[in-house]
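[1] sequence first, then the predicted structure, then my questions.
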Amino acid sequence: MRARTAVWTAIILVTLVCGGVAFAAAAEHEGEGAWNVSKLTWRVINTIALIGLLVYFLRKPLAKFFSERTGQVERELAEARAARDIAELTLKEYEQKIAGMEKELEKMRAELRKATEMESDKVVADAERMAKGMIEVAKVAAEQEVRKAKAALQGEASRMAVEMAETLIREKISEMDRKKIFEDYVGKVEGMK
Amino acid sequence: MIDTTLAKRYAKALVEIGVEREALDKYGRDLADLARLMETSGDFREVLENPVFPREEKKRVAGVILDKLGIDPMTRNFVNLLIDRKRIDQLVGIEKAFRSEVDEIRGITRGEVSSATALDDGELNRITAALSKITGKTVILTPTVDPSLIGGLVAKVGDMVFDGTIRTQLNQLKESLKG
């Protein structure tokens, strides 16, 4: 409101000044270029009065206006500084976070490399163990096959031997042999108790 | 299916009555005849065991057959009792248990002897006497002929086996050759 009053006052004064200057110029024109002391004096007085009025009416409002403007500018500057400080802090924070993320990423990469190496070692160890196991199994299987083959051969040989013996016995056994076998059997049974 | 415990219980009851009445042999023969009939005649067994036929019908049919076989009245009552209690399907098992009970009372043990060729009576008596001496009981052997034994003989009495066959000796030889 005060600022508006000051503006209106300034407009009136400027109008007056312009009027004074115009009046002076017209008078000068009427005098057709002749130097007139009284006219000059009047003009000086008029100018001084004008300046005095300007100073009287505009000093306080202008001072206040400029004071308020200065305060406003200072506040805005302070706010801008505060905003800048906040932005700087935020920037630092983000820089720190980015730096932390890089560290975290590096840590993760290191862990991943370590885990990969460990897994690789484990896979190799497992493969070696499996290979050893397979070799052992193959050895045992081979030994078993050899034993089975031996047993089969022995079994076949013994079967043939027994078949030959049975054939011979059936051919050669006589009634006398049968009686002798019976007597031996009864003798053994009787001798049991 | 034969329930041996149940069969023994019924057999023991009939044995006790047989001992009292001195009719063990008669009851034994009756039971043996009936058991043989049950095993050989599917129709007779069907009538007695099929639950579709009423008890009185079963008793009537059994009575006709028992009359023809000349079965002792006590044995007849015993059969009727089995029909009433729905245990007639256990008759074969009861007969075996009865024989076993009677053998136990009389100190008899039964067995069998197998040989590659038939044994004569003298040989059978000698092996029977030898086994009776070992078991301390009167042994009754059932002889059978089994040519696959090649030679010698094997006797089984109770849970004892006396094996003197050439077949077994050859099998042992075969096993020893296998190592």
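    In hand now; what should we look at? Here the structure is a predicted model, which is why all the values come from computation and not from measurement. Numbering: from 1, shown residues only, chains lettered A, B, ... in the order given.
[2] how much space between the closest residue to chain A within chain B and residue A:158?
    As assessed by CB to the nearest CB, chain A sits closest to residue B:177 within chain B, at 3.4 Å. In this view, the C-beta of every residue, glycine as well, is placed from N, C-alpha and C. Per CB to CB, to the nearest Å, residue B:177 is found 3 Å from residue A:158.
[3] what of residue A:186?
    Taking CB to CB, one finds residue A:186 at 30 Å from residue A:158.
[4] got the residues of chain A near chain B?
    Residues of chain A lying close to chain B by CB under 8 Å from any CB of the partner chain are A:151, A:154-155, A:157-159, A:161-162, A:165-166, A:169-170, A:173, A:177-178, A:181-182, A:184-186, A:188-190, A:192-193.
[5] please check these and keep the buried ones.
    Buried residues within the residues of chain A next to chain B, defined by neighbour count using 16 or more other CB atoms under 10 Å in any protein chain shown: A:155, A:158, A:162, A:165, A:169, A:173, A:178, A:181-182, A:185-186, A:189.
[6] of these, which belong to helices?
    The helices, defined by DSSP state H, take in A:155, A:158, A:162, A:165, A:169, A:178, A:181-182, A:185-186, A:189 from those.
[7] list the contacts of the residue in chain A that chain B sits nearest to.
    In chain A, the residue that lies nearest chain B is residue A:158 (3.4 Å; CB to the nearest CB). Contacts for residue A:158 (CB atoms under 8 Å, 6 or more residues apart in numbering or on different chains) come out as B:173-175, B:177-178.
[8] secondary structure element for residue B:162?
    Here residue B:162 sits within strand B:160-163, counting by DSSP states H and E.
[9] just the mean pLDDT for that strand, thanks.
    When pLDDT is averaged over strand B:160-163, the result is 93.
[10] centroid residue for the chain?
    You didn't pick a chain, so chain A it is. In chain A, the residue lying closest to the centroid (CA atoms, centre = their mean) is residue A:101, at 6.3 Å.
[11] quick one on the thing from earlier: any idea how far the residue of chain B closest to chain A lies from residue B:148?
    In terms of CB to CB, residue B:177 sits 20 Å off from residue B:148.
[12] likewise residue B:113?
    Distance from residue B:113 to residue B:148, counting by CB to CB: 15 Å.
[13] check residue A:142 too.
    Distance check for residue A:142 against residue B:148: by CB to CB, it reads 40 Å.
[14] what helix or strand does the closest residue in space to residue B:145 that isn't next to it in sequence sit in?
    Nearest non-adjacent residue to residue B:145, counting by CB to CB, 6 or more residues apart in numbering or on different chains: residue B:118, 5.2 Å away. Assigned by DSSP H and E, residue B:118 belongs to no helix or strand.
[15] about what we covered before: need the contact list for the residue of chain B closest to chain A.
    Residue B:177 makes contacts with A:154, A:157-158, A:161-162, as judged by CB under 8 Å, 6+ apart.
[16] which of the three states applies to it?
    helix (DSSP: H, G, I helix; E, B strand; the rest coil).
[17] residue 143: neighbour count?
    Defaulting to chain A. Neighbours of residue A:143 under the rule other CB atoms under 10 Å in any protein chain shown: 10.
[18] try again with chain B
    17.
[19] surely it and residue B:120 touch.
    No: contact status for residue B:143 versus residue B:120: not in contact, 10.0 Å apart, counting by CB atoms under 8 Å.
[20] helices along chain A, start to end?
    A:2-30, A:37-172, A:175-190.
[21] deepest of those, which one?
    Mean neighbours per residue, mean count of other CB atoms under 10 Å in any protein chain shown, is largest over these for helix A:175-190, with a mean of 14.
[22] touching it from outside, list them.
    B:116-117, B:119, B:123, B:126-127, B:130-131, B:133-134, B:151-153, B:155, B:162, B:164, B:166.
[23] again with stretch B:10-19
    With contact meaning CB under 8 Å, 6+ apart, stretch B:10-19 is reached by B:23-24, B:26-28, B:31, B:74-75, B:78, B:82, B:87, B:90, B:94-95, B:97-98, B:100-102, B:105.
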